[in-house]
Every structure is written in C-alpha cells, then in structure tokens.
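> Please work out how this folds:
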Amino acid sequence: MSAKRLSRRDFLKVASAGAAMAFLAACQTQPGPDPAVDDDPGPGDVLPADDTFEIVHWAEGIMDPDNTNADDYKPYVDQVHEVFREKFPNATVTAVNMGWDEALRQNLVTALLGGTAPDVIVGENFFQQYGDLGALMPVDDYIQDIKDNLIPGTYAASVTGGQTYGVNQFTGCFGFERNPNVIEAAGLDPSEPPETWDDLLYEAEVITEAGNGEFYGYTLQGPVGFSVGGIFRVAVYLKQASAEIQQEDGYPWFDNPATIPVLEFLRNINEFTPPGLTFNPDEGQVYSQLFLGVSAYQICGSWHVNWAKESGLDNAMYSGVPIPRDGRPASVVVGNVINAVLSGSRYPEASAEWITSFTDDRVQDLVNPIYGRMPSTRSALTRLQPTATEADQAFINELLTADLGILPQWRKDPQRLWTIYNDMLTGVLSTNSPIDGLVGQAQQQADDVMES
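Numbers count the residues shown, from 1 in each chain. Take a look at the predicted model:
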C-alpha cells in the first residue's frame, strides 16, 4: 500500500470494519532521506558524532516538563535523561503528555493519519494489537542484557507473536486491604488475614452479622459502564483459579469451565457487601467505605496505602489476596506504565535505548521515593524491600513472587466484548440465574461478534 494521507471517508470505512489500525500499520512508512539533502540520515542510519537529533516521546505525565508537579519529579526525570545521554550525548528527548487510555489511542490514530506520530509511545494495555499489526518495533535485541532483571508480568502486555514490543517504566499490582478496627469490632483477630476464599467468606459473614447494618465484611465493585476497576479486581480471582477468559489466540473464552467457581464465589461474597455499593459508579465512594469503617476487607491497588492514610485510617493492614482451594498466589498489574517504539520512528536504535534507560538502577531507585509507585526491576524491588513500610512490603512481595496477570487485549471490537462480559457479571451479581447459563449466553454473544 502506498504511503498517503487517508481521507476521512476511507478512514471511517476501515474503522467501521474494525480494521482501522491494520490499515494504519500498512500505510505507515518510515521516512527516507530527503532527496534534496544527500546527507539526511534515514531510519536506522548511524548519525555523525557531532550531529544532534530529537526523539519525541508521548510520555506518562511525570515526564512532562509542564506538569504542575514538575519540580517534585525533576530528580527522577533528570536521572533518566542523564542515563540516556551516556549513550547518545547529542540526542534531545521531548516528552509530551497526550493523555491516557482511550484519549491517548485516539490521539495516536490521528497522528498516524496525519504523519505526525512520535518516536516513542506510552501506554498500558493496547500494545499487543499494535504489535501484531506492525505499528511497533520489537525490542528483544535491546533487552537481552537486562531481561533477567525484568519481571515478566510488568511487560507481558507488550508481548505477542513471540516478540517483545515494550519496556516497563514503573508498575503497581493488587493486594488485600483490611480495616482492623472493623474486624476487631466483630470479635475477630485482624493480625491474621484470611488465607483462602473459604476463610474470607466465613469471616465476611461473621463481620456482616456482627455489624447489624452498621458495617459489613467485604467491598465488591461490580461492572459499571466503562469503569475497569471491578474488571481488574475480578481478574485477580480469575488468575488465582487459572480461569482465563481469553484463549491463547486472543479469542474470548467466557464459558471456560474454570470460571464458574470464581463467579460462584463472587455471587456469595457479594452478599456481605454494603447494600447498593456493588453497582455504585463512583469508584472513590466504593473503596473509601473501608476507610470509613463500613467494610472490613477489599482488594486494593498499591496506591491505597496513601489513600487510606489521607482518609484517616492510619492502621490499615495489607497482605496477599486470599486464594481458592487448589489455587495459586496471583495478582494483576495495574498502573503499569510501558513504553514502546513505533516502527516508523526515524531513530529506532536511539529510541529503543531511551526506553531501556528507565530500567537503569539509578532511575528505578528513584521511582518509589519520588513518585510513590513501585519500581519494576528485581534489583530495585529487592533493594527497596528492607526499608519499605510493612504495607509497601506486601506489594513488593506480590511483584516478586506472585504470578502476575494482565487484562485481555481483544483484537476485534473490544467495546462490544467488554460490554458482553460486564452484562454477564451483572447477571451473576444481581440475579439467581444459573451461572452456566449466563456464561453460555455470553459466549454465544462473543462468538457472534467474532464471526461478524
């Protein structure tokens, strides 16, 4: 396909067929030398030692010099640039904040259409599709020396077709949070967290009965619109039970028999959630109930540690998420920032080295003290662990030892597939319909999407 600027009509045509990104990837060509300038370097060329050049990075907000907290983040940002300059002293990296998630993807599509795409793109959970379509450059050759130090779950969202397309910058994961005041009020020992789903169900029931309408055993967030908070946390339980909802080829697997016990557990634990909370669309209100003493247990992200303190709960406690009988310790990465090089980058080698600069020990050691997030290399987590708070140690342990999962990256019509999944969960949590019937119906609907 020849390189050209797409008309709006052509773009809408391929977009309506679910092929917009495929079309973009096919149209994306790397800029060659300007015929009017013989010494203009093409993609991959080695630049003269005294030549300066610029890499454009659509980056996470911490890297944006216009960030309102730029002064606070400056030591971290300066260290990243210093590490990179050791390899490319004549390069300048310009970081631009172009949003996150859907806004970021829309901006990228617009830039690819207009021929103004950056060299490097940030993201969390859309890289596999872009990699399959040829829009990203594999970076396996650039991470060979550091791969053993990288935690696979932190970059798994960028691995497809046996190739790696991204490198993690910093990460987070889910753990288990408890309010010891509520647990004690119910006559239980908060120092011993429930270890299994059965333990959790038992204690949640005891706490709910003891609360008599004043406090409850568990906070469960259900499917609400396009909010992924509930989906993320359900994914932890699915991972523990080896209940994948996506097959290896990317096909939806909503009727996986292994999911039925997970959905039964969710239906049961929902009985001990404060009334009306499960389908509250305000995620802040949902999880702050534990801080307010209305619930005892919940799955939490690593950012909850500060959130609890800011909400007045100074003695919140943390541990790994209880596991099912015959299950395994597992978690799901969240707030997991990955950077990737676009295949149309004018400076692919330098761009690849730029994204690996984030894994340097000097950079990783600044992630937690400056940004309050978790580093993503084994060496940095191991160095941080002895001096970290007890709460942060719980999340470090999850990152170092648990099987870390990611959300599915549907290749076809993801909005419709997530809507089907959400409708299925809604049926599980709001009706008494047989679960095998609900998953069967969801699978048929997913099959219709995939075959359309």
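
> Please parse the chain into its domains.
8-172+335-405, 187-332+412-451 (automatic domain parsing).

> Out of the ones you listed, which gets the lowest mean score?
Ranked on mean pLDDT, the bottom entry among the domains of the chain is domain 8-172+335-405, at a mean of 85.

> before we move on, the earlier item: want to try JSON lines for the domains of the chain, with mean neighbour count and distance to residue 178 as columns?
No exception for glycine: its C-beta is placed from N, CA and C like everyone else's. Converted to JSON lines, these look like this (neighbours: other C-beta atoms under 10 Å; distance: least, C-beta to C-beta, whole Å):
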{"stretch": "domain 8-172+335-405", "mean neighbour count": "18", "distance to residue 178": "11"}
{"stretch": "domain 187-332+412-451", "mean neighbour count": "18", "distance to residue 178": "5"}
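
> and of those domains, who's closest to residue 179?
Closest approach to residue 179 among the domains of the chain is made by domain 187-332+412-451 (5.1 Å; C-beta to C-beta).

> Work out the gap between that closest one and the centre of the chain.
Centroid separation between domain 187-332+412-451 and its chain, computed with C-alpha atoms, centre = their mean, to the nearest Å, is 17 Å.

> Now do the strands in the stretch 101-250 of the chain.
120-123, 159-160, 163-164, 166-170, 174-178, 216-218 (DSSP state E, counting those that start in this stretch).

> can you list those in a markdown table and add distance to residue 67?
Compiled in a markdown table, the strands of the stretch 101-250 of the chain are given as follows (distance: least, C-beta to C-beta, whole Å):
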| stretch | distance to residue 67 |
| --- | --- |
| strand 120-123 | 14 |
| strand 159-160 | 30 |
| strand 163-164 | 29 |
| strand 166-170 | 15 |
| strand 174-178 | 26 |
| strand 216-218 | 37 |
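
> Quick one: closest of the ones you listed to residue 184.
Nearest of the strands of the stretch 101-250 of the chain (C-beta to C-beta): strand 174-178, 10.6 Å.

> ok, back up a step: export the domains of the chain to CSV and tack on distance to residue 180?
Shown next, in CSV, are those (distance: least, C-beta to C-beta, whole Å):
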stretch, distance to residue 180
domain 8-172+335-405, 13
domain 187-332+412-451, 3
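
> Now do the contacts for residue 93.
54-57, 81, 84, 354 (C-beta atoms under 8 Å, 6 or more residues apart in numbering).

> in its sheet, what does the helix or strand where it lies sit against?
Assignment of secondary structure by DSSP states H and E places residue 93 within strand 91-96. Using DSSP bridges, strand 91-96 pairs in its sheet with strand 53-58 (parallel).

> So residue 347 versus residue 166, what's the distance?
17 Å (C-beta to C-beta, to the nearest Å).

> and what of residue 153?
13 Å.

> Residue 302: which of the strands of the stretch 101-250 of the chain is closest?
strand 174-178 (6.9 Å).

> how about that closest one: buried residues?
Judged by neighbour count using 16 or more other C-beta atoms under 10 Å, the buried positions of strand 174-178 are 174-178.

> my read: residue 340 touches residue 158, true?
Yes: the pair residue 340 / residue 158 is scored as a contact, 6.1 Å apart, by C-beta atoms under 8 Å.

> so what's in contact with these two at the same time?
127, 131, 136, 165-167.

> what's the farthest-apart pair in those?
The widest separation within these (C-beta to C-beta) is 13.1 Å, between 131 and 167.

> where do the contact lists of these two overlap?
158, 340.

> Quick check: the gap between the closest residue to residue 136 other than its chain neighbours and residue 275.
The shortest distance from residue 136 to any non-neighbouring residue, by C-beta to C-beta, 6 or more residues apart in numbering, is to residue 165 (4.3 Å). Using C-beta to C-beta, residue 165 is found at 45 Å from residue 275.

> cool, residue 135 as well?
47 Å.

> what do you get for residue 238?
26 Å.

> now residue 347
The spacing between residue 347 and residue 275, counted by C-beta to C-beta, is 57 Å.

> And for residue 404?
Counting by C-beta to C-beta - residue 404 and residue 275 are separated by 34 Å.

> what's near enough to touch residue 121?
So residue 121 contacts 57-58, 104, 108, 136, 339-342 (C-beta under 8 Å, 6+ apart).

> what's the most distant pair in the residues you listed?
104 and 341 (15.8 Å).

> returning to that earlier point: so which of the shared contacts of residue 340 and residue 158 is the closest to residue 233?
residue 127 (22.3 Å).

> Let me have the shared contacts of residue 340 and residue 158 in JSON lines, extended by distance to residue 307.
Shown next, in JSON lines, are the shared contacts of residue 340 and residue 158 (distance: C-beta to C-beta, whole Å):
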{"residue": "127", "distance to residue 307": "28"}
{"residue": "131", "distance to residue 307": "34"}
{"residue": "136", "distance to residue 307": "34"}
{"residue": "165", "distance to residue 307": "32"}
{"residue": "166", "distance to residue 307": "28"}
{"residue": "167", "distance to residue 307": "28"}
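
> Residue 261 is in what secondary structure piece?
helix 259-269.

> what sits up against that helix?
Taking C-beta under 8 Å, 6+ apart as the rule, helix 259-269 contacts 197, 200-201, 204, 218, 220, 234, 237-238, 241, 243, 245, 324, 425, 428-429, 435-436, 438-439.

> Which of those residues fall within helices?
Using DSSP state H, the subset of the contacts of helix 259-269 located in helices is 197, 200-201, 204, 234, 237-238, 425, 428-429, 435-436, 438-439.

> measure stretch 230-249 end to end?
One end of stretch 230-249 sits 25 Å from the other (C-alpha to C-alpha, to the nearest Å).

> Let me see the ranges of the helices in the stretch 201-350 of the chain.
Secondary structure of the stretch 201-350 of the chain, counting by DSSP state H, counting those that start in this stretch: helices at 229-240, 259-269, 283-291, 304-310, 348-356.
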